[in-house]
Every structure is written in C-alpha cells, then in structure tokens.
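S.K.: Have a look; sequence and predicted model below, questions after that.
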Amino acid sequence: MTQEANAIGTAYLRVDLLPDDAQPELRRLFRRYTEVRAATYRDKDQSASARFLEGENQGAVEARLAEAAALQKHIWKSAVTAMRRSDTKAQATLALVQALNEMIDMQTTRVAALNNHVPSTILLFQVVGAAAALFLLSLYLALLSRGVVTVLLAAGLLTLLLFVTFDLTPSGSGTLLKMTESGFREMGWDVALLEQQYNDHVTGWDFYLPRLVSYVATAKVQR
C-alpha cells in the first residue's frame with residue numbers, strides 16, 4: 001500500500017510540469033483516484049469478516065476497482081491531451097508518462113495480490129496429506145508409548161505448518177521473522193464463527209509473539 005501511495009504522490013507532483021491551465025482537472029481526478037484506492041483498502045480490511053469472507057464486502061470492492069479503472073483511463077486521456085500541446089516540454093512528457101505507468105502498474109499488482117488466495121483443492125490436498133502423516137506419526141508414537149501429550153503436540157505442529165507461513169529475511173545484523181496465518185476462509189465457517197476464530201488467533205499471536213522475542217534473546221545455542 002505504501003508503494004502505491006508513493007507512486008500516486010509522484011505522479012501527482014509531476015502534474016506541475018504541465019501547462020498551468022491543464023493542471024486543475026488532472027489534480028481533481030488524482031484526488032478522486034486516491035480516495036477510491038484508499039476506500040478499496042478500507043472495504044477489504046474494515047473487519048475480520050470482510051477480510052476473510054469476501055462475499056460480505058465483495059460488491060463494494062468490485063465497485064471501487066471499476067471506478068479506479070475508469071479514473072485511470074480518464075487521467076491518462078487528460079494527461080495525453082495536455083502533453084500533446086506545443087507548450088509542453090518533452091522532458092515533462094517523459095517524466096509524467098513514467099510516473100503514470102508506475103501508478104497504473106502498481107494498482108494492477110495490488111489487485112492481483114488481494115485476489116491471490118490458496119485454491120480450495122490445494123488446501124484440501126494439504127489437509128488430507130497432513131491427516132495421513134498425523135495418523136502415521138500417532139501410530140509410531142503409540143508404539144513407542146510416548147503418551148497423549150506427545151501426539152497432541154505433533155498434531156498442533158502439523159496444523160501450524162498448514163496455515164502459517166514463516167518468512168526469514170536478513171535485517172541488518174539479524175534476521176526478520178514474518179509469520180502469515182491464512183486458511184480461515186477455506187474452513188467453511190459461518191461469519192460469526194469465522195470472526196471469533198480470527199479474533200482468538202489474533203489475541204494468541206499478540207500474547208505469545210512478544211514472549212518469543214524475550215525467550216530467543218536469552219536462549220543459548222547448544223552444539
């Protein structure tokens with residue numbers, strides 16, 4: 001979202017390079033475009049239900065996307081008309097075209113990212129595979145007489161691997177750990193249960209993650 005905001009801001013500033021009388025209409029279109037894009041993110045993220053059950057808010061999101069696409073065409077047409085004028089410098093044309101292209105490409109990228117979800121077939125395959133692996137692991141642990149606690153722990157770890165993605169990124173002298181939890185929508189829950197489960201998980205992460213940081217800081221590496 002920050003990258004798209006920067007792209008819109010850059011394009012807006014480069015409108016200054018156009019003739020004075022061509023700027024007001026373009027600025028009006030840019031302001032409206034910014035409002036529509038911001039509203040699209042709010043429609044997507046205003047609640048847990050809207051975030052993970054898109055059907056509750058999908059109509060509003062699609063309307064915003066359609067309006068944004070129409071505004072892009074209008075901005076481009078108005079900008080081209082201004083850039084073709086004899087009193088518009090070639091350097092201004094090049095700078096504005098680059099900024100507009102980046103702004104439009106960024107919006108396309110964000111829309112693709114918002115609609116990028118794990119297909120239900122793939123998720124079902126993961127669940128079935130994990131269930132089979134858990135069965136074999138439970139059988140093995142039972143043969144070793146490890147007890148119920150060990151089996152439940154193994155089940156929890158397998159479930160965690162299904163719905164949580166761990167990204168490790170170098171950051172200065174350390175490593176940044178990013179944890180992304182997904183799969184709520186594919187569970188088939190109704191809105192109330194989905195929101196409850198989501199809020200429970202948010203509360204859990206908020207409770208445990210700060211403690212994980214302090215634990216790692218005091219942990220000793222054993223060779």
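M.R.: Now that the structure is in, tell me what you want to look at. Numbers count the residues shown, from 1 in each chain.

S.K.: Give me the longest helix you can find in the protein.
M.R.: Across the chain, the longest stretch assigned as helix under DSSP state H is helix 191-218.

S.K.: Give the other helices and strands that that one contacts.
M.R.: Counting contacts by 3 or more Cβ pairs under 8 Å, 6 or more residues apart in numbering; DSSP states H and E, helix 191-218 is packed against helix 48-52, strand 174-181. (Glycine included, C-beta is placed from N, CA and C.)

S.K.: quick one: the longest one to helix 191-218, angle?
M.R.: Read that as strand 174-181. Orientation check (axes from the mean of the first three to the mean of the last three Cα atoms, to 10 degrees): strand 174-181 against helix 191-218 gives 160 degrees.

S.K.: Please work out which helix or strand belonging to the protein has the smallest mean pLDDT.
M.R.: helix 48-52 (a mean of 42; mean pLDDT, DSSP states H and E).

S.K.: any idea which helix or strand comes after that one?
M.R.: Sequence order places helix 58-83 as the next helix or strand after helix 48-52, per DSSP states H and E.

S.K.: next SSE after that next one?
M.R.: Next along from helix 58-83, by DSSP H and E: helix 90-114.

S.K.: That next one - what's its average pLDDT?
M.R.: The average pLDDT for helix 90-114 rounds to 82.

S.K.: now it against helix 58-83, angle please.
M.R.: 170 degrees.

S.K.: buried residues in helix 90-114?
M.R.: By 16 or more other Cβ atoms under 10 Å, the buried positions in helix 90-114 come out as 92-93, 95-97, 99-100, 102-104, 106-107, 110.
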